[in-house]
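J.: let me see the structure of the following:
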Amino acid sequence: MNFKGELFRKSFIICIVLLLLATVVLLGAYTYFGRRTYISLQQESLNRTADAAQALFDNQASSTGTTFQQYLDSISKASNISYILIFPHSQENAYFFATNIVNYQENEFTQQLTERIITNGEKIDFHNITFSSVSGSIYSGRPLYVGEELRGCVLLILEIDEITGAFTRLSNSLWITALFLLPIMFLAALFLISNLLHPIGEMTKVARQLSKGNYDARIREQYRGELGMLARTMNNMSAALSRTIRQLENEKRQLGYILSSFSDGVAAIDKSGELTHFNPALMKMFGAVEVHTPIDLVPDRMIWDAFMAVMDTEEMRTFHYNLPGERVLWITIVPIMSETEGCVGAVGLFKDATEIEQLERMRNEYVANISHELRTPLTSIRGLLEPLCDGMVKNEETRNRYYSIMLHEVERLSRLITDMLQLSRLQSGTENMNITLFDVNELLDDVTLSLMPEAKKRNCRIEVETKENLPSVMSDRDRIEQVLVILIDNAMRYAKSTVKLIVDDDPHDVFISVWDDGCGIKKEDMARLFERFYKVDKSRKEGGNGLGLSIAKQIMEKLDERLEVDSEEGKWTCFRITIKKYVSNAIPLNSVEEIVS
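T.: Residues are numbered from 1 along each chain as shown. Below you'll find the model as predicted:
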């Protein structure tokens, strides 16, 4: 038992106070009522003595007063009783005996009592003692008859000193007994309170363990009565609480895993505006590190005002929010409703719609670009066909030149459609790749030879810087040639005078770089360089349709190779592709589809 416990101290103090109070009250009551009772008993005893004296006088009427006086003396010595014996044969008293009475004639009260007995013949049973009195006596007087003739009276007196002495001795004995019993009562109270509070102390320990998260703590149920019922009730409550807490912990853990698995940001607040849930994705969106308040998570008061507005209106709200770096969020906030309390909070979904917005923008640009690319040759063809149909062109030479231009536009339109179909097949994965061995230098010779006439038209020089004894490479030769043609053709369009083909290698790959001394590419255009129909210089009337680099990128990814670009604005641009070297007995030389299958 914990003797330092607050409940034990209070219970013990209350018990001791009650014991002391009960002792004082009992002793006080005994002192008050016991003295009164003792005086009454002494009064009755004195009355019986007076009655005995009266009866003795009646039975010995022939005896002398001296004989009766001797009887009274014996009583006085035995019981410390004073007496007055009076025989009034004349105006003066015949006999006067007063033990322990000084100056009887001056004691008017005693004279009045004896006169009442002699004059009226009445009995006197009287005391003038109070609880606080320190003086007084008990009186018992009787008339003395001979036959029916009143001869005198006897008055017995018991002084208070005798009464007080006897009662004091009795009271002292009781006080000594009480003082002796008090320590025993204290120890008994300590033992009883300890036994009584031991179950409560054990329950307190179990409750403290529950508050610390130890939900397996239990109370012994061997106690009887209400304490045993309380112990069983607490154990049942602990078991129910343990199940509930574990269920809540599991649900919280599952909710945490679910929120952590979301790629979209999630945040929830309660009615007071305090955060209750959020996930790492939202922290990453806004760059939060340590989160204690909503502002630490999302440093924009406008968003949290929107949360509070949703709780006030109890209606869902969706809006766009722009982040730095052209990032866009779609934020949807819904109220959390309770069946009894109404709206108790709000939860918001932060969806990063940057890619969706970009895809939508690219889709719109794609539709616009393809419409433009299709409309341009069709418009040119229509512009030439109308005068021909109307017979406005009479000159044969002019008519042939019109036909030549229309043929060129049809070929351009055909190339556009072919490139679009090829790009679509590459993106959908239906385009086959034929993996073979080939020599890089031979490939470069064939490509430069085929592009030399076009280079002369553009007044451009193609230079090849290669290595001797390069190992064979393993890829789709036709696709690599197509990529090189696209890159060299693109370089010749923007080069000032020179296009260089630079060959290098490492232990695993061969690198072919296509370098030109053109105007370079701006940094903001680098990220979108391989998008469909994207053109760096949209003011150029001549040039491709914007699909070449997209096709080249898709081919290299399909071959599991890399296509990289580097540039310095206003000076140069360099595209670099990788081709894997052939490793003997590494993989069978077959198509990609067959290898995969």
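
J.: which element is residue 253 on?
T.: helix 225-261 (DSSP states H and E).

J.: in that helix, which residues are buried?
T.: Buried residues in helix 225-261, counted by 16 or more other C-beta atoms under 10 Å: 227, 230, 231, 234, 235, 238, 242, 259. In this view, the C-beta of every residue, glycine as well, is placed from N, C-alpha and C.

J.: tell me how far it lies from the chain's centre.
T.: 15 Å (C-alpha atoms, centre = their mean, to the nearest Å).

J.: contacting residues for residue 121?
T.: Residue 121 is in contact with 143, 150, counting by C-beta atoms under 8 Å, 6 or more residues apart in numbering.

J.: now the strand or helix carrying residue 579: buried residues?
T.: Using DSSP H and E, residue 579 sits within strand 572-580. By neighbour count on 16+ other C-beta under 10 Å, the buried set for strand 572-580 is 572, 573, 574, 575, 576, 577, 578, 579, 580.

J.: packing partners of it?
T.: strand 473-475, helix 477-494, strand 509-516, strand 563-568 (3 or more C-beta pairs under 8 Å, 6 or more residues apart in numbering; DSSP states H and E).

J.: follow-up on the earlier one: if we only consider the buried residues of helix 225-261, which is nearest to residue 85?
T.: Ranked by distance to residue 85 (C-beta to C-beta), the buried residues of helix 225-261 are led by residue 227 at 73.6 Å.

J.: quick one: low-confidence parts of the stretch 401-550 of the chain?
T.: The stretch 401-550 of the chain contains residues with pLDDT under 70 at 423, 532-546.

J.: if we go to 80?
T.: Along the stretch 401-550 of the chain, the model assigns pLDDT under 80 to residues 408-409, 411-413, 415-432, 524-548.

J.: quick one, helices of it?
T.: Remark: helices assigned in the stretch 401-550 of the chain by DSSP state H, counting those that start in this stretch are 440-457, 477-494, 523-526, 548-558.

J.: ok, back up a step: output the buried residues of helix 225-261 as TSV; include the columns distance to residue 484.
T.: Below are the buried residues of helix 225-261 laid out as TSV (distance: C-beta to C-beta, whole Å):
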residue	distance to residue 484
227	94
230	90
231	88
234	83
235	82
238	78
242	72
259	49
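
J.: residue 17: which element?
T.: helix 6-29.

J.: average pLDDT for that helix?
T.: Model confidence over helix 6-29, given as mean pLDDT, is 69.

J.: what's the distance between the next helix or strand after it and the middle of its chain?
T.: Next along the chain after helix 6-29, taking DSSP H and E as the criterion, comes helix 35-59. For helix 35-59, the separation from the chain centroid amounts to 87 Å (computed by C-alpha atoms, centre = their mean).

J.: mind listing what's buried in helix 35-59?
T.: 35, 38-39, 42-43, 46-47, 49-50, 53-54, 56-57.

J.: against which helices or strands is that helix packed?
T.: helix 65-79, strand 124-127, strand 137-146, strand 149-159, helix 160-211.

J.: beyond the helix holding residue 253, next helix or strand please.
T.: strand 265-270.

J.: quick one: strands adjacent to that next one?
T.: Looking at strand 265-270 with DSSP bridges, its partner strands are strand 275-278 (antiparallel), strand 342-352 (antiparallel).

J.: give me whichever of those strands is most buried.
T.: strand 342-352 (a mean of 19; mean count of other C-beta atoms under 10 Å).

J.: who's in contact with that one?
T.: Residues outside strand 342-352 that contact it (C-beta under 8 Å, 6+ apart): 263-271, 276-277, 281-282, 285, 303, 307-308, 310-311, 314, 321, 327-338.

J.: how far does it sit from its chain's centre?
T.: 19 Å.

J.: not counting sequence-adjacent ones, nearest residue to the most centrally placed residue in the chain?
T.: The C-alpha lying nearest the average C-alpha coordinate of the chain belongs to residue 276 (C-alpha atoms, centre = their mean; 8.3 Å). The shortest distance from residue 276 to any non-neighbouring residue, by C-beta to C-beta, 6 or more residues apart in numbering, is to residue 268 (4.9 Å).

J.: report the contact partners of the one you found.
T.: Here residue 268 is in contact with 275, 276, 277, 278, 336, 345, 346, 347, 348 (criterion: C-beta under 8 Å, 6+ apart).

J.: mind redoing it with 6 Å?
T.: 276, 277, 347 (C-beta atoms under 6 Å, 6 or more residues apart in numbering).

J.: would you agree residue 561 is in contact with residue 581?
T.: No. Look at residue 561 against residue 581 with C-beta atoms under 6 Å: they stay out of range, at 11.9 Å.

J.: and stretch 288-298, how far apart are its ends?
T.: 8 Å (C-alpha to C-alpha, to the nearest Å).

J.: now that stretch: buried residues?
T.: By neighbour count on 16+ other C-beta under 10 Å, the buried set for stretch 288-298 is 288, 291, 294, 297, 298.

J.: any idea how far apart the tips of stretch 457-476 sit?
T.: 30 Å.

J.: re earlier: and the residue nearest to the centre of the chain, how far from residue 345?
T.: Per C-beta to C-beta, to the nearest Å, residue 276 is found 7 Å from residue 345.

J.: what do these two both touch?
T.: Common neighbours of residue 276 and residue 345 (C-beta under 6 Å, 6+ apart) are residue 270.

J.: counting neighbours, which bits of the helix or strand encompassing residue 302 end up buried?
T.: Using DSSP H and E, residue 302 sits within helix 301-313. If you call a residue buried by 16+ other C-beta under 10 Å, then helix 301-313 has these buried ones: 303, 304, 306, 307, 310, 311.

J.: try stretch 112-122
T.: The neighbour-count check on stretch 112-122 (16+ other C-beta under 10 Å) flags 113, 114, 116, 117, 118 as buried.

J.: so the one helix or strand the third one maps to versus strand 149-159, what angle?
T.: Same thing as residue 116. Following DSSP H and E, one finds residue 116 within helix 108-120. Calculated by axes from the mean of the first three to the mean of the last three C-alpha atoms, to 10 degrees, helix 108-120 forms an angle of 150 degrees with strand 149-159.

J.: pLDDT on the helix holding residue 253, on average?
T.: pLDDT averaged over helix 225-261 gives 78.

J.: tell me the angle of it relative to strand 265-270?
T.: 150 degrees.

J.: which one of the helices of the stretch 401-550 of the chain lies closest to residue 21?
T.: helix 523-526 (94.6 Å).

J.: tell me where the model's unsure across the stretch 51-200 of the chain.
T.: Looking at the stretch 51-200 of the chain by pLDDT under 80, you get 57-73, 75-121, 126-137, 145-152, 158-175, 178-200.

J.: hmm, residue 458 is touching residue 492, no?
T.: Yes. Counting by C-beta under 6 Å, residue 458 touches residue 492, with 5.2 Å between them.

J.: pick out whichever of these two has more residues nearby.
T.: residue 492 (22 against 14; other C-beta atoms under 10 Å).
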